[in-house]
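In: Everything below, folded, please.
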Amino acid sequence: MSNVEAHPPEVVCGAEGPAAHAIEVVSPRDVPLGGPRAMTVRRTLPQRTRSLIGAWCFLDHYGPDDVSVSGGMDVPPHPHTGLQTASWLFTGEIEHRDSLGVHAMVRPGELNLMTAGRGICHSEVSTPSTTVLHGTQLWIALPEAHRDGPRDFAHYVPDPVRAGRLTARVFLGGLLGSESPVQTATPLLGAELLLPVGASAEFTVEPAFEHGLLVDAGAVDLCGAALERADLGFAAAGRPTLRITNLAEVPARMLLLGGPPFVEEIVMWWNFVGRSHEDIAAYREEWQQHSPRFGAVQGYGGHEPASHASASLDRLPAPPLPHARITPRRNR
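Out: Numbers count the residues shown, from 1 in each chain. Model prediction:
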């Protein structure tokens, strides 16, 4: 997914200092994507209080969204650098096309992981059969050794695994004895969790990882901290187990993300991840000049070629750069 904010902030992310053992609760901010029928997403990462969880650097949570009202998702070709996009849906279907030549569908319970590396562009359009769109879009920062690597794409459908009353679909990394075969540049965990009404679950996690738990449905207690729907609970590295209790009168659905603290500083602006303001400015100029760095998407048509606003675009233009130069903060 593109970040289509008209004036996206430039965000400098770095490793944080040691956190207390208490769970940090991060609430989302609403961000409208697009024009008068904009689909609003709940952006949890990055925030002023929390910019990264492992290498996870961006988290948009959206829906359930009535496509007849919002118009659904229609994002023309747009660029990425230095990151991977992980798409995970709960309801609906999205058509993906990219400059690697991949044409794929994003469906509930199926991981689509696109690697931008040095540069890629792609489009995303919810399908005509979709009536309700509901899911997440995540970005993963690539470390220095991989950020200028080749484009890639992976698709994986994890089988559910159960431990007591907890059900998990592990799409990246390992949890509850389930291991994803999808390779990542840094160790990561990504899993959808389901917990029925009144249930609790305590399970082992990698203690070197920091973890984030996004509540999609219901309300839960995470290691003593109450999380409402759309909240993200952050647990610093050092915990060998996590305990979750469903506090709601409906089944709880959550997304668990994890990874070792990402020690490199990164600069994020619009759809780019780099290491400096100069990186970002160069990427923007190359996109505007149709550089072969990003390639081209074939077959994008949008929803309504005759009337839909974004369908008249064959690619998203980059917003203007911010007037101020952002100086990277130092790791504490």
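In: Low-confidence ranges, the stretch 1-150 of the chain, go.
Out: 1-7, 9-20, 34-38 (pLDDT under 70).
In: Show me where it has its strands.
Out: For the stretch 1-150 of the chain, strands defined by DSSP state E, counting those that start in this stretch occupy the ranges 11-13, 24-26, 29-33, 39-45, 56-66, 74-80, 83-91, 94-98, 103-106, 111-115, 120-126, 132-141.
In: Please compute how far the fifth one lies from its chain's middle.
Out: The reference is to strand 56-66. 7 Å (Cα atoms, centre = their mean, to the nearest Å).
In: Could you name the helices and strands sitting against it?
Out: Counting contacts by 3 or more Cβ pairs under 8 Å, 6 or more residues apart in numbering; DSSP states H and E, strand 56-66 is packed against strand 39-45, strand 83-91, strand 132-141, strand 210-217, strand 252-259, strand 266-269. All C-beta spots, glycine's among them, are computed from the backbone N, C-alpha and C.
In: do you know which of these lies nearest Asp65?
Out: The closest approach between Asp65 and any of the helices and strands packed on strand 56-66, judged by Cβ to Cβ, belongs to strand 132-141 at 4.5 Å.
In: now that closest one against strand 56-66, angle please.
Out: 170 degrees (axes from the mean of the first three to the mean of the last three Cα atoms, to 10 degrees).
In: how about strand 132-141: buried residues?
Out: Neighbour-count burial for strand 132-141, counted by 16 or more other Cβ atoms under 10 Å, picks out Leu133, His134, Gly135, Thr136, Gln137, Leu138, Trp139, Ile140, Ala141.
In: Mind pulling up the pLDDT for His323?
Out: What the model reports for His323 is a pLDDT of 83.
In: Just to be sure, it is in a helix?
Out: No. Assessed by DSSP: H, G, I helix; E, B strand; the rest coil, His323 does not belong to a helix; its assignment is coil.
In: what's the burial count for Gln47?
Out: If you count neighbours by other Cβ atoms under 10 Å, Gln47 ends up with 15.
In: burial count for the closest residue to it other than its chain neighbours?
Out: Nearest non-adjacent residue to Gln47, counting by Cβ to Cβ, 6 or more residues apart in numbering: Val26, 5.7 Å away. By other Cβ under 10 Å, 20 other residues sit near Val26.
In: From what I see, Val26 and Arg42 are in contact.
Out: No. Contact criterion Cβ atoms under 8 Å: Val26 and Arg42 do not qualify, at 11.0 Å.
In: doesn't Ala236 make contact with Pro260?
Out: No. Checked against Cβ under 8 Å, the pair Pro260 and Ala236 is beyond contact range at 11.5 Å.
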